[in-house]
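*Asks:* From the sequence below, what's the structure:
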Amino acid sequence: MNEKGPLENLLKTWETPAPRVDFEPRILRRLHATHGRQSLWQRWLVEPWEYAASVWRPQAVAIAGVAIMVVIVGIALNASKPGASTDFGVNAFSTFPDGSFTQAYLEMLRQ
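*Replies:* The predicted structure is shown next:
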C-alpha cells in the first residue's frame, strides 16, 4: 500500500494552470446578465407546468388516441348487437339507481 504509482508521481509534479486574465470580469458579467429574482408565480406554477407539459405531451396524445379508439370500438360493438338501443342502457330520467339509499331517501321525502 505504500508503493507510489506513476499516476501519483505525475499528480505531484503537475502544476495548476493560471486563470485567464479576464476571469473575474467575465464571471461578474455573467452574474449581472442573469435575470433577477423570479416571482413566486413563475417559480412555483409556470415553470413546473411548462416542464410537465413538455414531458407529458407525447403520453397524453397517445392516451387520448387510445381512449378515442376504445369509445369507437365500444359504440361499434354495441350497435352490432341485434336489437341494440342508442341509450346504452341508461335511463335519462332516473337520477339514482333503484334500491339505492339515495333513491329511498328521495321517496321518503316525496311522501
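*Asks:* Off-centre distance for the lowest-mean-pLDDT helix or strand in the chain?
*Replies:* Least confident helix or strand, the chain: helix 40-41 with a mean of 75, by mean pLDDT, DSSP states H and E. Helix 40-41 sits 19 Å away from the centroid of its parent chain (Cα atoms, centre = their mean, to the nearest Å).
*Asks:* Same question for stretch 52-67.
*Replies:* With Cα atoms, centre = their mean, you get 9 Å for stretch 52-67.
*Asks:* can you pull the buried residues of it?
*Replies:* By neighbour count with 16 or more other Cβ atoms under 10 Å, stretch 52-67 contains no buried residues. Backbone N, C-alpha and C define where each C-beta goes, glycine included.
*Asks:* for this structure, what's the longest helix?
*Replies:* helix 47-79 (DSSP state H).
*Asks:* chain center to it, what's the gap?
*Replies:* Per Cα atoms, centre = their mean, the centroid offset for helix 47-79 relative to its chain is 13 Å.
*Asks:* Check stretch 25-39 too.
*Replies:* That offset, for stretch 25-39, works out to 30 Å (Cα atoms, centre = their mean).
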